[in-house]
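Visitor: Next input, structure requested:
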Amino acid sequence: MTRKTWIALVTLAGAAFATVTVELLPAGLLAMMADELGVSEGRIGLLVTAWALTVAALSLPLERATRRLPRRTVMVVAVLVSAGAALLAAFAPAYGVLVVARVVGAAGHGLLWSLLVPYAASLVDERHLGRAVSVVLVGPTAAGVVGVPLGTALAGVAGWRAVLVGAGVLLGVAAWALVRVLPSAAASTAPAVAPTSDDSRPVRDGTLVPVVVTATLGALVLVGHFQLFTFVAPIVTDVAGFDAAALGGILALFGATGALGLAIAGPLSDRYPRTALPATAVVFAATALALVAVDRSVVVALIVIGVWGVMIGLFPPVFQATIMRIASERSRGTAGAVVVTALNIGIAAGAASGAWLLQEVGVGWLAPVAAVQIGLAALGLTISAVRGARPRGPRPADGARPPARPEPADRR
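Guide: Prediction:
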């Protein structure tokens with residue numbers, strides 16, 4: 001990849017860092033926001049849930065509504081909307097205004113994330129697609145490791161409202177950087193009209209069905225993961241037998257191995273574009289099942305939790321790179337929105353179903369149930385890979401393929 005391509009990808013990662021930091025900040029500001037607004041911490045926590053549901057509900061409709069507009073322009077506007085929403089939240093006089101600000105911010109966030117990965121994919125040829133996606137996804141990883149802890153610490157000194165003002169300014173800087181760095185047009189920008197075949201027959205994009213199937217199976221993997229991760233504390237203390245004081249260190253191990261997974265995801269996906277996703281899902285399922293055995297010894301528990309961290313660092317970039325490879329160029333925007341929707345549904349469904357399992361059958365059942373679900377998803381992804389039925393682009397209505405086009409070179 002060229003130097004300009006790297007700079008563009010890092011800029012996209014910076015925008016991702018800013019928006020995900022704003023998304024997750026309420027988790028670190030619960031007590032302060034609840035005290036000042038006179039509501040319970042639970043109601044502040046619902047701001048994160050409302051964000052996820054808004055993203056899941058609006059990402060695809062907003063992408064479809066803006067698909068004829070320049071992608072860079074839409075991303076910049078989405079970031080600016082998120083910036084305005086952060087400032088509105090900072091000056092919210094009551095909880096209701098804060099909810100409105102979060103919903104507006106989530107809409108901008110969802111639209112941005114529908115386009116981030118497809119835009120990154122448009123900057124490189126397919127040989128480097130996995131690396132490009134991994135670079136962009138450094139942003140949300142850094143948000144969880146750096147952005148949220150830093151924002152929480154600053155809020156203890158300057159207050160949560162000042163932190164949200166700072167977040168709004170950061171988003172404004174990100175929008176400015178997108179304008180300055182990104183090319184004005186990208187190869188994956190959707191056409192203004194649907195293409196037709198040479199004899200003017202309507203063209204059906206045969207890539208959308210496998211995109212939806214793969215995204216659904218990927219969401220099932222995430223349901224299993226978040227059934228476990230949402231309740232990692234009781235898994236660590238009640239199943240593995242660690243003291244509560246050890247939880248911070250174990251989470252640090254999980255985060256460090258997650259960063260390792262993210263680092264190897266790009267090269268792995270580029271080296272094995274068809275098999276990387278099902279192989280990752282298979283190992284993920286085995287790791288979830290191995291959590292049953294974390295009570296055997298401290299060493300076993302640390303190894304299993306470390307491998308689990310690698311898997312969740314590895315899976316999202318491999319998953320999204322695979323979706324971009326499946327989708328035709330003109331459907332990548334829609335595919336990006338489908339991915340964002342699947343991710344948020346997986347997170348919400350995993351947390352909710354995990355809570356039900358914890359209450360009804362106990363923490364010991366979380367790992368086996370999650371392993372079965374991830375295993376079923378891995379089976380589906382493996383079948384798809386073995387069949388190898390990957391449509392390469394839009395098809396005429398009678399099923400014939402249009403002439404193949406050469407892969408693009410890196411965009412400079």
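Visitor: Just give the nearest non-adjacent residue to residue 52, would you?
Guide: The shortest distance from residue 52 to any non-neighbouring residue, by CB to CB, 6 or more residues apart in numbering, is to residue 344 (4.7 Å). All C-beta atoms are positioned from the backbone trio N, CA, C, and that covers glycine.
Visitor: and the one you found, what is it in contact with?
Guide: By CB atoms under 8 Å, 6 or more residues apart in numbering, the contact set of residue 344 is 52, 53, 55, 56, 59.
Visitor: Mind listing residues that contact the strand or helix carrying residue 167?
Guide: Using DSSP states H and E, residue 167 sits in helix 160-181. With CB under 8 Å, 6+ apart as the test, helix 160-181 has contacts from 7-8, 11-12, 14-15, 18-19, 21-22, 25, 29, 32-33, 36, 72, 75-76, 79-80, 82-84, 86-87, 89-91, 151, 154-155.
Visitor: which element follows the helix or strand hosting residue 280 toward the C-terminus?
Guide: Assessed by DSSP H and E, residue 280 sits inside helix 276-290. Going down the chain from helix 276-290, the next helix or strand is helix 298-326, by DSSP H and E.
Visitor: okay, the angle between the following helix or strand past that following helix and helix 298-326?
Guide: The first helix or strand that comes after helix 298-326 along the chain, using DSSP H and E, is helix 332-360. Helix 332-360 runs at 150 degrees relative to helix 298-326, counting by axes from the mean of the first three to the mean of the last three CA atoms, to 10 degrees.
Visitor: List the buried residues of helix 332-360.
Guide: Buried positions in helix 332-360, judged by neighbour count with 16 or more other CB atoms under 10 Å: 332-351, 353-354, 357-358.
Visitor: residue boundaries of the strands in this structure?
Guide: With DSSP state E applied, the chain shows strands at 203-205, 394-396, listed in chain order.
Visitor: quick check: mean pLDDT across the first one?
Guide: pLDDT averaged over strand 203-205 equals 63, rounded to a whole number.
Visitor: And for the last one?
Guide: The average of the pLDDT scores along strand 394-396 is 46.
Visitor: Which residue, other than its chain neighbours, is closest to residue 85?
Guide: The shortest distance from residue 85 to any non-neighbouring residue, by CB to CB, 6+ apart, is to residue 105 (3.3 Å).
Visitor: For the one you found, list the residues it contacts.
Guide: By CB under 8 Å, 6+ apart, the residues touching residue 105 are 22, 23, 51, 81, 82, 85, 86, 89.
Visitor: In helices, which of the residues you listed fall?
Guide: Mapping the contacts of residue 105 onto helices (DSSP state H) picks out 22, 23, 51, 81, 82, 85, 86, 89.
Visitor: check contacts around residue 120.
Guide: For residue 120, the contact set (CB under 8 Å, 6+ apart) comprises 9, 12, 132, 133, 135, 136.
Visitor: Please identify which pair of these lies farthest apart.
Guide: Spanning the widest gap among these are 12 and 133, at 10.1 Å by CB to CB.
Visitor: The contacts of residue 120 into JSON lines, with extra columns for pLDDT and distance to residue 309?
Guide: Listed next are the contacts of residue 120 as JSON lines, based on pLDDT from 0 to 100; distance: CB to CB, whole Å:
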{"residue": "9", "pLDDT": "92", "distance to residue 309": "24"}
{"residue": "12", "pLDDT": "93", "distance to residue 309": "24"}
{"residue": "132", "pLDDT": "88", "distance to residue 309": "23"}
{"residue": "133", "pLDDT": "88", "distance to residue 309": "19"}
{"residue": "135", "pLDDT": "90", "distance to residue 309": "20"}
{"residue": "136", "pLDDT": "90", "distance to residue 309": "20"}
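Visitor: quick one: which of those is nearest residue 321?
Guide: Lowest distance from residue 321 to those (CB to CB) belongs to residue 133, with 4.4 Å.
Visitor: wait, residue 133 sits on residue 119?
Guide: No: counting by CB atoms under 8 Å, residue 133 sits too far from residue 119 to count as a contact (10.9 Å).
Visitor: was I right about residue 300 contacting residue 291?
Guide: No: when contacts are counted by CB under 8 Å, residue 300 is not listed as touching residue 291 (10.2 Å).
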